[in-house]
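Enquirer: quick one, structure for this:
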Amino acid sequence: MLEKNRFEGDTVLIANPGEKGFTITRTFNAPARLVFDAWTKPELMKQWYGNACMTLDVCEMDVRPGGAWRRVLVDKDGNRVAFYGTFQEVEAPHHVVFTEIFEPFPDHPSTVTVTLREQGGKTHATLVQLHGSVESRDAHIGSGMEHGMRETLDRLEALLTSRHN
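Expert: Reported below is the predicted structural model:
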């Protein structure tokens with residue numbers, strides 16, 4: 001069902017059959033501090049998180065170990081999709097770990113680890129999302145998240161470019 005590596009632009013999704021997690025990588029033309037801020041400051045995340053079909057209406061973050069976060073996306077018809085979780089680790093500007101729960105399926109939490117490595121003014125981001133089961137991981141990827149994720153990361157790149165130049 002899932003291809004091992006799928007390429008589009010500079011974004012790579014790796015989802016190996018039979019594994020509970022998947023990995024997304026992308027290199028941004030910006031320093032790690034700017035990328036980290038975009039991931040951890042609600043006023044910045046509201047400018048990039050989402051896609052042509054959905055916008056980020058609610059973005060709440062208490063960025064510290066044990067701090068809670070919540071995001072609510074709204075589509076053009078007013079339908080709301082919410083995610084929430086808790087920060088586990090925060091090491092600015094290179095590392096953040098948090099739980100993620102899709103509100104309609106609270107019994108299927110995942111853990112997300114975002115690692116940022118800066119080199120030569122560019123930042124290589126690696127996002128690893130680990131689900132509790134292969135079935136949960138496959139349902140997540142099968143939901144169509146890949147297209148939205150790619151568009152969302154393109155929007156992040158545009159924001160970083162506007163703030164960096």
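Enquirer: the lengthiest strand in the chain pairs with which strands?
Expert: The strand that spans the most residues within the chain, counting by DSSP state E, is strand 80-91. Using DSSP bridges, strand 80-91 pairs in its sheet with strand 68-75 (antiparallel), strand 95-102 (antiparallel).
Enquirer: what comes up buried for the last one?
Expert: Buried residues in strand 95-102, counting neighbours by 16 or more other Cβ atoms under 10 Å, are found at V96, V97, F98, E100, I101, F102. All C-beta atoms are positioned from the backbone trio N, CA, C, and that covers glycine.
Enquirer: in the chain, which spans are strands?
Expert: Under DSSP E, the chain gives strands at 5-8, 11-14, 21-28, 54-61, 68-75, 80-91, 95-102, 110-119, 122-131.
Enquirer: and the fourth one, what does it pack onto?
Expert: In other words, strand 54-61. helix 42-48, strand 68-75, strand 80-91 (3 or more Cβ pairs under 8 Å, 6 or more residues apart in numbering; DSSP states H and E).
Enquirer: next, the angle strand 54-61 makes with the longest one.
Expert: Angle of strand 80-91 versus strand 54-61, following axes from the mean of the first three to the mean of the last three Cα atoms, to 10 degrees, is 40 degrees.
Enquirer: run through who's touching strand 80-91.
Expert: With contacts defined as Cβ atoms under 8 Å, 6 or more residues apart in numbering, strand 80-91 is touched by 40, 54, 57-58, 61-75, 95-103, 109, 111-112.
Enquirer: which among these end up buried?
Expert: For the contacts of strand 80-91, buried by 16+ other Cβ under 10 Å: 40, 54, 61, 63, 69-74, 96-98, 100-102, 109, 111-112.
Enquirer: neighbours of the residue lying closest to T111 once chain neighbours are set aside, how many?
Expert: With Cβ to Cβ, 6 or more residues apart in numbering as the criterion, T111 has its nearest non-adjacent residue at 4.9 Å, and that residue is L130. A count of nearby residues for L130, using other Cβ atoms under 10 Å, gives 17.
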